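> only geometry, no sequence info:
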């Protein structure tokens, strides 16, 4: 078993129980105790910005991470004694994709497209352009038009679609092509000297699919929607990566597989020896 683990996990509806499904009692407590191990480097991988990550850690009594991949992969921070240090190497790496164009300049490229509603200023940054989109809109057709515009400008960009189930609204992020959650995790793997044998990712939604359908061993928590579960399984099958995707279903230590319980279940699936460490954490 690897002696070190790079544990990368989404926040909302993965660690944070803010979906409609119930959370197993004591799941977060078990998770917090496990990741206190010096063998585990904890990374939050989220669409939230720095301020909202801090809010989540406080409100939901989450452990302080070692790193945060924020803004859907467009920023990376190292945390040391609650002080945030932005990784400038990552900023430099992804900036080339947009050929020096600013956030506002790229927004102007889509001015003639209907249905796009710019999200609040707090949800934007230098390398993240975020929109709201009604679920009634044909998002695939709209994203196709956006891709054509970007290609016409020779810009390398990713369009990341997900659904805010609580607010019943679509979320569409435009990022440099190299700024996805997957690329950011791979950057940290190299930066911290981890590899595929000792790196895990946990998520629940559409904007996690790029990681969950990659060679990085991934956990899809049980509270994920059927649509996301089906899509993740189909992509993994098509790519020959079924062994790198685990779908939590409940049963570990009597828990239901939702949220933190699903993350713990996936850890034990890939690295069974960590089940003993869960017991040690509670002795």
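Received the coordinates, thanks. All values reported here derive from a predicted model rather than from experimental measurement.

> quick one: stretch 143-161 to chain centroid distance?
With CA atoms, centre = their mean, to the nearest Å as the basis, stretch 143-161 stands 21 Å off its chain's centre.

> now it: mean pLDDT?
For stretch 143-161, mean pLDDT rounds to 95.

> quick one: buried residues of that stretch?
Within stretch 143-161, the residues that qualify as buried are 143, 146, 150, 155-161, counting by 16 or more other CB atoms under 10 Å. C-beta here means a position set from N, CA and C on the backbone, and glycine is covered the same way.

> List the ones among those residues that fall in helices.
Within the buried residues of stretch 143-161, residues falling in helices by DSSP state H are 143, 146, 150.

> quick one: the strands in the stretch 51-200 of the chain?
For the stretch 51-200 of the chain, the strands defined by DSSP state E, counting those that start in this stretch occupy 67-70, 75-80, 83-86, 117-118, 129-133, 157-164, 169-176, 199-203.

> Touching the third one from outside, list them.
Here strand 83-86 makes contact (CB atoms under 8 Å, 6 or more residues apart in numbering) with 50, 68, 75-79.

> about what we covered before: export the strands of the stretch 51-200 of the chain to TSV and tack on distance to residue 11?
Below are the strands of the stretch 51-200 of the chain laid out as TSV (distance: least, CB to CB, whole Å):
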stretch	distance to residue 11
strand 67-70	9
strand 75-80	14
strand 83-86	16
strand 117-118	23
strand 129-133	16
strand 157-164	13
strand 169-176	14
strand 199-203	10
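
> Mean pLDDT lowest where, among these?
Mean pLDDT is lowest for strand 157-164 out of the strands of the stretch 51-200 of the chain, coming in at a mean of 88.

> partner strands of it, parallel or antiparallel?
Strand pairing for strand 157-164, using DSSP bridges, gives strand 169-176 (antiparallel).

> quick one: contacts of the partner strand?
47, 72-74, 94-98, 106, 116, 119, 127-135, 137, 139, 143, 146, 156-164, 207.

> Tell me how many other residues surround the closest residue to residue 137 other than its chain neighbours.
Among residues not flanking residue 137 along the chain, residue 115 sits closest, at 4.7 Å (CB to CB, 6 or more residues apart in numbering). When neighbours are defined as other CB atoms under 10 Å, residue 115 has 15 of them.

> per-domain residue ranges of this structure.
5-91+179-281, 98-176 (automatic domain parsing).

> tell me the most buried of those domains?
domain 5-91+179-281 (a mean of 19; mean count of other CB atoms under 10 Å).

> so who does residue 97 touch?
155-157, 176-179.

> Tell me the one of these nearest residue 43?
Among those, residue 179 lies closest to residue 43 (CB to CB), at 15.6 Å.

> so that closest one touches residue 125, yeah?
No - contact criterion CB atoms under 8 Å: residue 179 and residue 125 do not qualify, at 10.4 Å.

> ok, residue 192 touching residue 41?
Yes - with contact defined as CB under 8 Å, residue 192 counts as touching residue 41 (6.5 Å).

> any shared contact partners between these two?
residue 6.

> which intervals of the stretch 1-150 of the chain have sub-threshold pLDDT?
1-2 (pLDDT under 70).

> which residue ranges form the helices in it?
Assigned by DSSP state H, counting those that start in this stretch, the stretch 1-150 of the chain shows helices spanning 27-35, 50-59, 88-95, 103-109, 139-152.

> looking at those helices, which is closest to residue 246?
Closest approach to residue 246 among those is made by helix 27-35 (16.2 Å; CB to CB).

> so how far is that closest one from its chain's centroid?
Distance, centroid of helix 27-35 to centroid of chain: 19 Å (CA atoms, centre = their mean).

> That helix packs against which elements?
When contacts are defined as 3 or more CB pairs under 8 Å, 6 or more residues apart in numbering; DSSP states H and E, helix 27-35 packs onto helix 260-270, helix 274-281.

> which strands and helices sit next to the longest one?
In terms of contact count using 3+ CB pairs under 8 Å, 6+ apart, helix 260-270 is assigned the packing partners strand 5-9, helix 27-35, strand 199-203, strand 217-220, strand 245-247, helix 274-281.

> The second one versus strand 5-9: what angle between them?
For helix 27-35 against strand 5-9, the angle between stretch directions is 150 degrees (axes from the mean of the first three to the mean of the last three CA atoms, to 10 degrees).
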